[in-house]
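A.B. asks: Structure of the sequence below:
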Amino acid sequence: MKFAATLLLSCSALMTASNAFADAPSVVVSIKPIHSLVASVMKGVAEPKLIVEGSASPHTYNMRPSNASALQKADLIFWVGHGMEAFLEKPLEALGTKAAVVSLEDAPGLTKLKFREGGVFEPEAEEEGHDHGHSHGSEDHAAGAEDDGDHDHDGNDVHLWLDPMNAKAMAQDIEKALVQADPENATTYQANGADLMKRLDALDAELKATLAPVKDKPFIVFHDAYQYFENRYGVKVAGSITVSPESIPGAERVKEIHQKVEELGATCVFAEPQFEPKLVKVVTEGSKARSGVLDPEAGALTEGPDLYFEMMRGLATSLKTCLSQAS
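C.D. replies: Next up is the predicted model:
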């Protein structure tokens with residue numbers, strides 16, 4: 001009897017969990033950092049689907065048939081916006097017609113910074129598009145979803161998530177959208193959202209303490225993605241190898257950055273895991289600068305609720321490790 005009662009309770013729990021997932025909306029998210037925030041708010045209800053998986057980058061991504069299917073079935077879609085995921089704009093219009101689409105670049109309370117221009121952040125005329133040695137995988141591309149390389153650098157910098165206070169603003173917008181789409185699970189979304197706010201505040205304090213000793217040491221990054229991180233923590237980016245990862249720099253650009261490394265005595269030059277590491281080697285050759293890796297899109301991390309925190313800690317740790325070795 002005791003075994004039968006236990007079995008009945010187990011079956012009941014499984015059915016309850018199954019029903020919760022069955023009744024939850026189908027949620028699709030564009031990129032890993034945003035997916036992590038959505039997954040945090042949805043904990044205990046369902047798991048959102050991710051478009052840009054693995055080590056792929058939204059800067060160079062092409063839609064796959066599996067992505068198109070997910071968009072067609074979605075009830076709710078989260079993305080940053082056209083400036084970040086330009087590849088998604090046409091598929092959203094064609095395939096995401098039944099879904100509510102939330103552009104998180106429009107979330108209330110965001111700090112927004114303009115794209116930088118001039119000097120070592122000036123676009124290079126010699127740059128050529130789409131040669132990163134980056135693989136999109138073996139699946140055929142979805143029809144009508146060509147990557148046009150249109151990453152907009154005329155307006156605001158779209159790497160908004162690299163400031164935890166912006167992540168808080170986006171998380172509040174995520175919670176609001178989920179509550180509207182699925183009021184039956186509102187209490188869970190709200191509790192998860194409140195917990196996420198506390199975790200983001202704690203992360204912010206932790207990163208400030210981690211980076212305080214290296215704030216004044218200049219470094220070079222692969223592409224100009226870190227303004228929000230710099231603005232929040234006072235670290236000193238001296239320039240980028242390329243303004244946009246859709247383009248690789250020409251010889252003159254590489255020479256210019258190499259000279260900048262020498263002039264500034266830049267301590268470190270950072271690559272990104274999704275893009276060509278040889279450029280960093282060329283830029284640092286003959287200098288005292290060390291090389292490191294920063295991963296602002298979490299390409300090397302496994303998706304899930306903890307990814308955002310791992311990514312931000314990884315950025316801070318990589319910076320501190322490399323910069324603290326300076327003489």
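A.B. asks: mind showing which ranges of this structure have poor pLDDT?
C.D. replies: 1-22, 117-154, 242-249, 276-277, 326-327 (pLDDT under 70).
A.B. asks: How about the backbone phi and psi for the closest residue to Leu294 other than its chain neighbours?
C.D. replies: Spatially, and ignoring its direct neighbours in sequence, Leu294 is nearest to Phe270 (4.4 Å; Cβ to Cβ, 6 or more residues apart in numbering). C-betas here are computed from N, CA, C, even on glycine. The phi/psi pair for Phe270 (degrees, to the nearest 10) reads phi -110, psi 130.
A.B. asks: Run through the residues that contact Phe270.
C.D. replies: Phe219, Ile220, Val221, Phe222, Val280, Ser291, Gly292, Val293, Leu294, Ser318, Leu319, Cys322 (Cβ atoms under 8 Å, 6 or more residues apart in numbering).
A.B. asks: Just give me the neighbour total for Met42.
C.D. replies: 24 (other Cβ atoms under 10 Å).
A.B. asks: which parts of the host helix or strand of Arg199 are buried?
C.D. replies: Taking DSSP states H and E as the criterion, Arg199 maps to helix 186-211. Going by neighbour count (16 or more other Cβ atoms under 10 Å), the buried part of helix 186-211 is Thr188, Tyr189, Asn192, Gly193, Leu196, Arg199, Leu200, Leu203, Asp204, Leu207, Thr210, Leu211.
A.B. asks: how far out from the middle of the chain is that helix?
C.D. replies: 17 Å (Cα atoms, centre = their mean, to the nearest Å).
A.B. asks: tell me which strands and helices it is in contact with?
C.D. replies: helix 32-41, helix 164-181, helix 227-233, helix 307-323 (3 or more Cβ pairs under 8 Å, 6 or more residues apart in numbering; DSSP states H and E).
A.B. asks: among these, which is the most enclosed?
C.D. replies: helix 32-41 (a mean of 26; mean count of other Cβ atoms under 10 Å).
A.B. asks: Restrict that helix to CA atoms and write it as PDB.
C.D. replies: Extracted C-alpha coordinates of helix 32-41, given in PDB (Å, rounded to 0.1, in the frame of the first residue of the first chain):
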ATOM      1  CA  LYS A  32      22.500  33.500 -25.400                       C
ATOM      2  CA  PRO A  33      22.800  36.500 -23.000                       C
ATOM      3  CA  ILE A  34      19.100  37.400 -23.500                       C
ATOM      4  CA  HIS A  35      18.100  33.700 -23.400                       C
ATOM      5  CA  SER A  36      19.800  33.400 -20.000                       C
ATOM      6  CA  LEU A  37      17.700  36.300 -18.600                       C
ATOM      7  CA  VAL A  38      14.500  34.800 -20.100                       C
ATOM      8  CA  ALA A  39      15.300  31.300 -18.800                       C
ATOM      9  CA  SER A  40      15.900  32.800 -15.300                       C
ATOM     10  CA  VAL A  41      12.400  34.400 -15.300                       C
END
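A.B. asks: Who are the packing partners of that helix?
C.D. replies: Using 3+ Cβ pairs under 8 Å, 6+ apart, helix 32-41 sits against strand 27-29, strand 76-79, helix 164-181, helix 186-211, helix 307-323.
A.B. asks: Give me the next element, helix or strand, following the helix holding Arg199.
C.D. replies: That would be, after helix 186-211 and using DSSP H and E, strand 218-223.
A.B. asks: Just give the strands next to that next one in its sheet, each with its orientation.
C.D. replies: strand 236-242 (parallel), strand 268-271 (parallel) (DSSP bridges).
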